[in-house]
Structure formats: structure tokens, C-alpha cells
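*Asks:* Pasting the sequence and the predicted model now:
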Amino acid sequence: MMDTSAPHITEFAARIRADFPILQREMNGKPMVFLDTAASSQKPQQVIDAISDYYENTHANVHRGLYQLSQEATDAHEEARRQAASFFNAASEREIIFTKGTTDGINTIAFSLGEYCIGSGDEILITEMEHHANIVPWQMMAARKGAHLKVVPIHDDGMLNMEAFHEMLTDRTRILSVVHISNTLGTINPVKRMIQKAHERNIPVLVDGAQSAAHQPIDLQDLDADFFVCSGHKMLGPTGIGILYGKEKWLDALPPYQGGGEMIETVRFEGTTFNKLPFKFEAGTPNIAGTVGLSEAMKYMIQVGRKEIAAHDQELLSYATNQLENIDGIQFVGQAREKTGLISFLIDGTHPSDVGVLLDKMGIAVRTGHHCTQPLMQRYGIPGTVRASFGPYTTKEDIDQLKRGLERAAQMLR
């Protein structure tokens, strides 16, 4: 374990914390301690200002207007695409599709891949720790196509059963869709190794990067995933915007998910030809303000240091684990060797919802419940957990407040 004094935690967070105006407010009359970043991160002033400036000075529909305002909006929107391609080291900006978020990206691939190459008796491989967004779209596609959904189990500590994974990856597998970092357990899956094994059988891989995109640098060319999805609102950006990355060879081959404006080249009643990438998958007017805000969020993470964010995350995790493990009756859910900055737990003699309500009264925001991973809760035989999740603005003092709050809540509930 690291030295629990962890000076970097305070120094790093203190340096950027003033950029997040919402952290200055109170909650239930107490200074707010925000520990629900895994659900949605807070936004720096730079992102808020970029969105406001766009609506005040630049807004017009993109790609269609010949007038200056439309050209400026188009430039801002496409600059966001270039920013995303650079941020994730995609081979081309044509591989960056703007979506509503992670869920939208997974649905796009589940539908399009299903139409392209999945039939009766084929298999889709996911894991036991997936978010509902990486379960339900594949169930729907499997039901439509007569395919089978296979689920790789996990060990009690929250690590993936890699022996089972190797056995379940077969010639009938048409896609592997796996979460990079579990939003409930914090487990960091060995996705690069899994991708290599899948590619040995020419099986494409989708990586759910909803949690990882904000916690660690992602190099998509090095990772070699065929598809990668993430949400802006979990990486300091606005809601309603996300990124679907796909290798160009796949995006060229797959049929579009939705039809309408923007994704077309020519339309006649007799038939339609589709637009080139990336527009083939972007039907309708895009969330232009969302792309502008997301671009600013990525610039912000680069400015403060993506490696520094990752180091801060690991220090917080170690410090919080050291502090919380001393609470009487605490049970951690998910203790994988490789984890990110969130902790799920139960406290003997209490219900997660009751703990969450009492912490709220103390000004501490945590998430309680099944975290959109009901099958995972069933696997552990529990109704849900309390989850504390951290961001770059989280401080050591936030963790100390959580510990005191949990001790008080446990005393009141027992």
C-alpha cells in the first residue's frame, strides 16, 4: 500500500478544483462532497463557457449553409472530430462517429453488425460484469437474428475468468463486446490481451470505454479494438454526446443504423445512396453544442495532464481503500488486482439505500443500487451496493468526510 499521507492527491485536486463551479455549492446545508463521478462527472468552467459561447456567437446548422455563421459552426463541429481522433489516436477522423453516448454507440454496432453478418446459431460474447447498455442491445439483436448470447463469468474478487473466456471464444463467435472498466466493481479488464485472442480467430471486438476514457490515456491504434464507445458526460463534457470509434474497414462495410438527413448522398423514391464516412452514421442535425463542449473537455484533460489524472485516480483508490477498510462491518464488492477509482461496498446491518440517504443529509453524494448491472448483483446475491467514485477534483479530505459519514450512518442504522 502507498503512504496514506498521499500529498499528490491534495495538490493535484486543489490545483484544478477551482475550475469546477458546482463544487463550491452546499448540499443540504453542508459543503458538498461529490463522489458519483462514475455516473456523471462535473464540468469545468472552460467547458461551460465553450458551450455558452457557441450558442451566443456561433450557432447555425452545420454542413448545409453557405453563409458565414454556418461555416463557423461546421468548422467548430469538425474541429471537435479532429480533436477526438487525436485524443484517442485514431488512424483517421473518418473513424470518429458522434453519438448520443455509449448506449447509442453500442446500439449502432449491435444493429448494423447484426444486419451485416450475424445469423441463426451465431454467438455474441459478453461478460458477467457488463452494464445493461452492453447487454440489452445484444439480446435484442440475438432475438432478431436467432443468435445466442454467451456470458463469460467472473471470479468472486471481480476479476474476469480468463480460462472460461478462452474456452468460450469459438468459431461461432461473431463479436466480443466487453467493458474496459466495470462501473460497479472498478475492475480493469485485460482488453488488449482479449482483443489479441479474438483477432486470432478474426473476431471483431467492441470495447465499452464509458469509464476508461476519463481515467486513463487510450491509444486506439495500440489497443487495436475494432470499435470503442464512450460518453462525453463521464469525461468532464456535456450530456447527450458521445463517440463511436470504428476501424474504417468495418464502418465502410456496415449498413447505417438510422436514415434521414446528413447520412445520404442522393435520395430518390426509387432508392438512396449513402454518404461517405463518418456521415453515413450521423443521421439528422447533430448535437453541435455537445461536440464543442466535448472538444473543450478533451483539451482540458490534456492541459491538466492525462497521466496525472490517472496517477491521481490510483492514489485516491489506494487512500480510500486504506481508510474505509477500517470501518467496522464493511464488505468491499470487487477487489480485483487492477482497479480504477471507485469502491463498491456494503456495511453489515444496513441497507445501501439507507446509507445513501443519511450520507446525503451530511452533504455527501454517493450512488446506491444496482448501478445498471442487475445480473452482476444477482451473481453476488445482493440487492445493490453503495458506490463512491472519484474524479480529478476529488480530494483526500473528501475521502475523510466519507469515512466519518459512513461511521456515523452505521451507528445510526444498527
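*Replies:* On my side now, so go ahead. Because the structure is predicted, anything quoted here is derived from the model rather than measured.

*Asks:* can I see the domain layout of the chain?
*Replies:* With domains defined by automatic domain parsing, the chain comprises 7-43+306-413, 48-302.

*Asks:* and the ones you listed as a markdown table, adding mean neighbour count?
*Replies:* Every C-beta, even on glycine, is put in place using the N, C-alpha and C of the backbone. Listed next are the domains of the chain as a markdown table, based on neighbours: other Cβ atoms under 10 Å:
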| stretch | mean neighbour count |
| --- | --- |
| domain 7-43+306-413 | 19 |
| domain 48-302 | 19 |
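
*Asks:* May I see those organised as TSV, with mean pLDDT added?
*Replies:* Output for the domains of the chain, formatted as TSV (pLDDT from 0 to 100):
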stretch	mean pLDDT
domain 7-43+306-413	95
domain 48-302	97
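
*Asks:* Tell me the secondary structure of the closest residue to M159 other than its chain neighbours, please.
*Replies:* In this structure, M159 finds its nearest non-sequential neighbour in A336, 4.5 Å apart by Cβ to Cβ, 6 or more residues apart in numbering. Assigned state for A336: coil (three-state reduction, DSSP: H, G, I helix; E, B strand; the rest coil).

*Asks:* ok, now which ones touch the closest residue to G329 other than its chain neighbours?
*Replies:* The spatially closest residue to G329, leaving aside those adjacent along the chain, is D348, at 3.4 Å (Cβ to Cβ, 6+ apart). D348 sits next to D328, G329, I330, Q331 when contact means Cβ atoms under 8 Å, 6 or more residues apart in numbering.

*Asks:* ok, the third one touching F345?
*Replies:* Looking back up the chat, that one is I330. Yes: with contact defined as Cβ atoms under 8 Å, I330 and F345 form a contacting pair (5.5 Å).

*Asks:* Spit out the residues that contact the two alike.
*Replies:* L324.

*Asks:* Look through the chain and report the residue furthest from the middle.
*Replies:* Relative to the centre of the chain, the most outlying C-alpha is that of E270, 40.8 Å out, by Cα atoms, centre = their mean.

*Asks:* ok, now how distant is that residue from I96?
*Replies:* Taking Cβ to Cβ, to the nearest Å as the measure, E270 falls 32 Å from I96.

*Asks:* Could you tell me which of the contacts of D348 belong to strands?
*Replies:* Using DSSP state E, the subset of the contacts of D348 located in strands is I330, Q331.

*Asks:* Could you pull up the contacting residues of the residue nearest the centre of the chain?
*Replies:* Centroid-nearest residue in the chain: A210, 1.0 Å away (criterion: Cα atoms, centre = their mean). When contacts are counted by Cβ under 8 Å, 6+ apart, A210 touches T102, H131, A133, V179, N183, V229, C230, S231, K234.
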